[in-house]
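# got a structure for you, letters missing:
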């Protein structure tokens with residue numbers, strides 16, 4: 001068994017578990033644990049900066065009120081999306097953020113808030129539009145949410161759920177916050193194959209731009225690039241997410257999220 005550091009600063013054991021397969025790649029072997037992204041084609045001329053790509057044609061700015069988002073970001077939210085999570089930090093160096101949930105009844109309806117704002121954490125060094133392996137920054141962008149998993153059984157999410165206790169285990173002693181980091185995870189589709197389990201190690205754009213970006217349980221410290229919220233809040237978010245609503249996560253610092261085209 002090899003000790004390894006995961007994407008959220010959690011420790012993992014690499015080896016075969018009772019569910020089969022290998023545990024996460026890691027940063028101590030110069031890899032991170034699993035995470036996700038809305039992945040553009042590998043043929044893009046800007047392959048090292050996937051979170052700077054324009055993405056699919058999305059909803060026009062007039063389609064509803066999503067506070068704090070400028071036209072540049074609004075244009076990247078797919079027209080068919082009915083659920084959006086906004087993760088907004090104060091500036092590029094912030095490693096705490098505000099998480100808000102938004103929904104609409106149909107593509108012609110206005111966006112309305114779901115629940116109340118949640119305080120979250122992100123990469124230790126803040127945010128970046130040029131994320132790379134080991135920079136301890138979270139990628140700025142708009143990404144789909146298409147798969148979930150965790151060390152605990154499915155909390156009732158509509159997303160495909162990968163229950164693999166041995167894979168999502170950390171090396172931290174039970175009772176410490178780090179031990180619970182991967183109790184629940186939602187893969188953020190950054191440099192990964194949408195719809196595949198969070199454990200899928202495939203990085204379509206290569207290792208240089210990083211990967212394994214998850215929405216996971218807060219462990220009271222900044223992450224290596226993931227977004228973290230309290231476990232109860234994450235379980236509620238997972239129950240809210242519905243594949244038929246094409247959920248997206250918009251994440252970054254407030255000034256970048258508010259940019260106009």
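Sure thing, it's come through. Model, not experiment: these values are computed from the prediction.

# Helix or strand: which one has the residue nearest to residue 246 when sequence neighbours are not counted?
Of all residues not flanking residue 246 in the chain, residue 81 sits nearest, at 4.4 Å (CB to CB, 6 or more residues apart in numbering). No exception for glycine: its C-beta is placed from N, CA and C like everyone else's. According to DSSP states H and E, residue 81 maps onto no helix or strand at all.

# Tell me how far residue 81 lies from residue 248.
Residue 81 is 5 Å from residue 248, where distance means CB to CB, to the nearest Å.

# can I assume residue 171 sits in a helix?
No: if the criterion is DSSP: H, G, I helix; E, B strand; the rest coil, then residue 171 is coil and not within a helix.

# and it, how many neighbours?
Using other CB atoms under 10 Å, residue 171 has 15 other residues around it.

# how close does the residue nearest to residue 246 sit to residue 184?
With distances taken as CB to CB, residue 81 is found 22 Å from residue 184.

# quick one on the thing from earlier: higher neighbour count, residue 81 and residue 248?
Taking other CB under 10 Å, residue 81 and residue 248 do not tie; residue 248 has more neighbours (25 against 20).

# ok, what's across the strand from the more buried one?
Beta-bridge partners of residue 248, counted by DSSP bridges, are residue 84, residue 144.

# Would you list the phi and psi of residue 98?
phi -110, psi 130 (degrees, to the nearest 10).

# Can you list the buried residues in the lengthiest helix in the chain?
The longest helix of the chain (DSSP state H) is helix 231-240. By 16 or more other CB atoms under 10 Å, the buried positions in helix 231-240 come out as 231, 233-238, 240.

# which residues touch it?
Identification of contacts with helix 231-240 by CB atoms under 8 Å, 6 or more residues apart in numbering yields 83, 85, 99, 101, 114-115, 118, 148, 155-159, 180, 183-184, 186, 215-218, 229.

# now do 10 Å
With contact meaning CB atoms under 10 Å, 6 or more residues apart in numbering, helix 231-240 is reached by 83, 85, 99, 101, 103, 114-116, 118-120, 145, 148, 150, 152, 154-159, 161, 177, 180-181, 183-186, 215-218, 227-230, 247.

# gap between that helix and the chain center?
14 Å (CA atoms, centre = their mean, to the nearest Å).

# how about the strands in the stretch 51-200 of the chain?
Ranges of strands in the stretch 51-200 of the chain, per DSSP state E, counting those that start in this stretch, are 83-89, 96-103, 112-121, 127-128, 138-139, 141-150, 161-163, 185-188.

# quick one: pLDDT of residue 1?
If you check residue 1, the pLDDT there is 29.

# And residue 58, by the same measure?
On pLDDT, residue 58 comes in at 43.

# how about low-confidence regions in the stretch 51-200 of the chain?
Scanning the stretch 51-200 of the chain for pLDDT under 70 picks out 51-64.

# check contacts around residue 227.
Neighbours of residue 227 in contact, by CB under 10 Å, 6+ apart: 8, 35, 85, 87, 89, 97, 99, 120-123, 138, 186, 188, 213-216, 218, 234, 249, 251.
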